[in-house]
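# Could you look at this predicted model? Sequence included:
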Amino acid sequence: MARIAWKLASAAALAVLLGSGPVLAHHSYAAFDRTKEATISGVVDELEWTNPHVWIFIWAPPPGGGAPVRWGFEGGGIGGMTRAGWSKNTIHPGEKITITHNPMRDGSHGGGFLKAVLENGKTVGDT
């Protein structure tokens, strides 16, 4: 009987271990250069207030100037963003915003959200 219990416990542990890989991969920040911080100002296009991560999209010129392009910034989950002072009504399309972020390693337009200064001067962050 003890052998069967041990085998069941081992199989359960193995299943949990094998199933945890996708969860860890999902929460990877490998796309962001966490050794760098950048700041960009633009106009809010959209706030995706969804789990697993909140996304903020703005229109802003690329570094060096030029026509505005759409940038995307990945924030934390809704719970963490709420604790950091956010709600689904914190920003609205058309408002000006300045975002501090960890830039994308590949140089694309976006990054990992760190904090923002809103049009009214209020600073809100991520957890």
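Received it, and whenever you're ready, just let me know what you need. What you see is a predicted model, and the numbers here were worked out from it, not measured in a lab. Numbers count the residues shown, from 1 in each chain.
# alpha carbons only for contacts and neighbour counts from here, please
OK.
# Grab the nearest non-local neighbour of V43.
K96 (4.5 Å; C-alpha to C-alpha, 6 or more residues apart in numbering).
# For the strand ranked longest in the chain, give the mean pLDDT please.
In the chain, assigned by DSSP state E, the strand with the most residues is strand 38-48. Per-residue pLDDT over strand 38-48 has a mean of 97.
# So what's the residue count around the residue nearest to V43?
19 (other C-alpha atoms under 10 Å).
# Please list all residues in contact with it.
41-44, 118-119 (C-alpha atoms under 8 Å, 6 or more residues apart in numbering).
# Can you select the buried ones among those residues for me in ChimeraX?
To isolate the buried members of those in ChimeraX, using 16 or more other C-alpha atoms under 10 Å:
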select :41,42,43,44,118
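# Redo the contacts of K96 as CSV? Include distance to W55.
Output for the contacts of K96, formatted as CSV (distance: C-alpha to C-alpha, whole Å):
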residue, distance to W55
S41, 16
G42, 15
V43, 14
V44, 11
L118, 16
E119, 18
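# Give me the residues contacting the longest strand of the chain.
By C-alpha under 8 Å, 6+ apart, strand 38-48 touches 54-61, 70, 88, 91-103.
# Ignoring the adjacent residues along the chain, who's closest to G42?
For G42, the closest residue by C-alpha to C-alpha, 6+ apart turns out to be A60, at 4.4 Å.
# The one you found against G94, yeah?
No - A60 sits out of contact with G94 when judged by C-alpha atoms under 8 Å, with a separation of 11.9 Å.
# For these two, indicate the residue with more neighbours.
Set A60 next to G94 and count neighbours by other C-alpha under 10 Å: A60 wins out with 23 against 13.
# Might you report the residue contacts of the more buried one?
Applying C-alpha under 8 Å, 6+ apart, we find A60 in contact with 40-43, 67-71.
# Quick check: phi and psi on G80?
phi -70, psi -40 (degrees, to the nearest 10).
# quick check, distance from stretch 74-81 to the centre of its chain.
7 Å (C-alpha atoms, centre = their mean, to the nearest Å).
# just checking, F73 touches H53?
No - if you go by C-alpha under 8 Å, F73 and H53 don't touch, sitting 10.0 Å apart.
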